[in-house]
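**Student:** can't give you the sequence, but here's the structure:
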């Protein structure tokens, strides 16, 4: 049996914290999607058309912001891009 030169990521606390934060963020997104869908259905005079419109707008927003974010992250070096939020937070004190 050969051992991998890459250590097991689950043993690193930062990796576990990142996955935990990712999970919490996804749960929040799912709750928002379900909440807006239920709201669209419960409004007086609403029906399938309102639910479809809300779902379409959410899908378009996710797509546009995902593609836009990918373009932005591809244009900068990773080290510079990852440190930018820290710089912005420091400047806004």
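**Tutor:** Looks like it arrived, so ask away. Quick caveat: nothing in here was measured; it's all calculated off a predicted structure.
**Student:** hey, let's count contacts and neighbours off CA atoms from now on
**Tutor:** OK.
**Student:** Give me the below-cutoff pLDDT ranges for the protein.
**Tutor:** 1-7, 9-10, 81-82, 84-93 (pLDDT under 70).
**Student:** hmm, 80 instead?
**Tutor:** 1-12, 15, 46, 73, 76-93 (pLDDT under 80).
**Student:** ranges for the helices of the protein?
**Tutor:** Ranges of helices in the chain, per DSSP state H, are 13-42, 48-75, 78-91.
**Student:** will you turn those into JSON lines that also has mean neighbour count?
**Tutor:** Compiled in JSON lines, those are given as follows (neighbours: other C-alpha atoms under 10 Å):
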{"stretch": "helix 13-42", "mean neighbour count": "13"}
{"stretch": "helix 48-75", "mean neighbour count": "12"}
{"stretch": "helix 78-91", "mean neighbour count": "10"}
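**Student:** quick one: residue 34 and residue 58, what's the gap?
**Tutor:** 11 Å (C-alpha to C-alpha, to the nearest Å).
**Student:** nope, residue 42 is what I meant
**Tutor:** Taking C-alpha to C-alpha, one finds residue 42 at 18 Å from residue 58.
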